[in-house]
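Asker: got a sequence here, can you model it:
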Amino acid sequence: MADDREYGVKLCDALMKILGAGQHELPAIVEGLNQSDVAPASGTRWTADQLCEELHRRARPPEKKTYSPVAQPRNEQGNGGGKIAKIAPSLPKPANAEERSEYLVRHGLRNQWYIVAASKEVTDKPLGITRLDERMVLWRDEQGQVHALADRCPHRGVALSIGEVHDGVIACAYHGVQVDGSGRVVKVPAVANCPLEGRLLVRSYPIIEHYQAIWAYFGDEKHPLPPPLELPEELISPEWSGMLHHDVWNAHYQYVYDNLCDPMHGPYLHGRTYTQQYGPKDDRIKVELKERGFEVFREGQRGINFDWMEMVHGDSNYYARVEIPLPPSAGPGGFMGIIFYVTPIDDRHTQINVWRLRKVSGWQRDLWHFLFDYRLRGFVDAVLAQDKAAMDAMPPWPAPENLYQHDIGVAWMRRHVREVANSQASALFAEAG
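Answerer: Residues are numbered from 1 along each chain as shown. This is a model prediction of the structure:
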């Protein structure tokens with residue numbers, strides 16, 4: 001296995017040298033390999049078919065299934081006469097709209113879909129996590145479907161995540177109480193004919209899994225049912241292919257939004273890494289409103305490095321879109337598209353979810369994944385590591401600040417979050433009254 005990886009590294013380096021010389025067509029790439037010191041695994045000369053087969057074997061591009069934005073979450077299950085269970089989220093009871101608004105700003109807006117885990121993290125073993133300051137447990141049933149519940153047993157409140165999964169339902173470690181994916185108690189083995197059986201007693205989260213990620217819907221007391229999950233073209237179209245990177249940063253989620261909305265940190269924080277070293281270090285920042293969000297961009301620079309960002313705030317979720325130019329050695333496919341989702345965890349931690357994508361297909365798709373796995377991942381991860389280090393060094397939110405012109409995008413995003421929080425809180429109390 002080590003020898004195979006070593007051969008892959010040599011092949012990758014040879015390909016990047018050929019690509020860096022401007023040879024991006026398949027025949028020219030094959031000819032370049034035949035002039036290199038990397039021979040094919042069988043035979044003495046490379047052919048186009050051999051190279052395509054080798055790239056596909058090593059690339060292992062993730063599957064992108066057909067997705068419909070109106071797909072219904074799998075764990076919405078009937079309750080009696082066909083109604084959906086409406087178990088209120090376990091949020092603190094606010095005294096007024098202002099108090100609820102502050103809670104939402106600090107811990108995350110509700111009535112949205114958030115990525116809560118990468119697909120590869122969730123197995124048939126319980127996974128306990130915190131998202132939006134709410135404890136959750138996730139697991140897969142026998143069919144591989146993901147379920148998510150509040151991480152508390154309805155009996156005595158012990159975390160279900162320390163239990164086990166049997167026949168697709170989760171069993172509490174304390175007394176064996178079994179709960180299915182809808183939050184219904186299906187069995188209490190310690191007592192016959194227990195009155196808890198058959199009752200919906202645990203909050204379930206609507207779940208949708210797509211293209212390496214798992215989304216959960218976080219509704220408030222008046223909005224337990226989710227809207228359709230709207231996703232960007234890059235995560236739906238078969239013309240785009242990429243891979244998900246997820247991590248936890250030790251910073252409040254608003255700092256992560258700030259970082260995304262601040263193109264001028266690029267030439268300073270990332271000035272010595274990969275493509276981020278090019279372009280001037282002074283500029284003016286502009287904001288342009290879009291139908292569903294806004295763009296933040298440098299006036300005097302475009303297509304050099306991190307000089308443009310679009311924040312999309314739709315009806316169901318938020319994400320950022322960034323374009324990063326890549327050098328010729330990274331192969332065909334144009335810029336690298338970034339789709340960035342932010343998920344609050346608690347006051348000092350945020351889950352980041354980042355797709356790195358290119359508009360490629362066929363052998364070019366395989367080449368993109370091969371180069372990324374063997375070389376490019378290290379370069380782009382180094383850039384994110386710098387962002388993470390800066391976020392880890394931030395004080396508890398909110399911090400005393402002195403903003404200037406470059407922070408116009410930061411101000412726009414903060415104001416938007418505050419306005420939505422105020423609107424959600426006011427609507428909740430108006431309906432309650």
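
Asker: which helix or strand contains F370?
Answerer: Using DSSP states H and E, the element containing F370 is helix 362-371.

Asker: er, Y341 actually
Answerer: Element membership for Y341 (DSSP H and E) is strand 336-346.

Asker: quick one, that strand and helix 362-371 angle?
Answerer: Counting by axes from the mean of the first three to the mean of the last three Cα atoms, to 10 degrees, strand 336-346 lies at 50 degrees to helix 362-371.

Asker: neighbouring strands - and their directions - for strand 336-346?
Answerer: Looking at strand 336-346 with DSSP bridges, its partner strands are strand 318-324 (antiparallel), strand 349-359 (antiparallel).

Asker: which residues are contacting the first one?
Answerer: In this case it means strand 318-324. Strand 318-324 is touched from outside by 112, 232, 234, 260, 275, 303, 305-306, 308-312, 335-342, 380, with contacts defined as Cβ atoms under 8 Å, 6 or more residues apart in numbering. In short, each C-beta sits where N, CA and C put it, glycine included.

Asker: which of these count as buried?
Answerer: 112, 232, 234, 260, 275, 305-306, 308-312, 335-342, 380 (16 or more other Cβ atoms under 10 Å).

Asker: report the contact partners of H155.
Answerer: Contacts of H155 (Cβ under 8 Å, 6+ apart): 172, 174-175, 177, 188, 196.

Asker: now render the residues you listed as CSV, adding secondary structure and distance to K65.
Answerer: Below are the contacts of H155 laid out as CSV (DSSP: H, G, I helix; E, B strand; the rest coil; distance: Cβ to Cβ, whole Å):
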residue, secondary structure, distance to K65
C172, coil, 33
Y174, coil, 38
H175, coil, 39
V177, coil, 35
V188, coil, 38
L196, coil, 37
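
Asker: and those residues as CSV, adding pLDDT?
Answerer: As requested, those are exported to CSV (pLDDT from 0 to 100):
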residue, pLDDT
C172, 98
Y174, 97
H175, 97
V177, 98
V188, 97
L196, 96
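
Asker: need the max-distance pair from the residues you listed.
Answerer: Within the contacts of H155, two members stand farthest from each other by Cβ to Cβ: Y174 and L196, at 13.7 Å.

Asker: between the strands paired with strand 336-346, which gets nearest to S161?
Answerer: Nearest to S161, of all these, is strand 349-359, at 16.7 Å by Cβ to Cβ.

Asker: can you report how many residues neighbour D180?
Answerer: 21 (other Cβ atoms under 10 Å).

Asker: tell me if I'm right that it and E197 touch.
Answerer: No - here D180 lies out of contact with E197, judged by Cβ atoms under 8 Å, at a distance of 11.2 Å.

Asker: shared neighbours, those two?
Answerer: Taking Cβ under 8 Å, 6+ apart as the criterion, D180 and E197 both touch V186.

Asker: assign L33 to helix, strand or coil.
Answerer: Of the three states, L33 takes helix according to DSSP: H, G, I helix; E, B strand; the rest coil.

Asker: ok, how many other residues are close to it?
Answerer: The burial count for L33: 22, using other Cβ under 10 Å.
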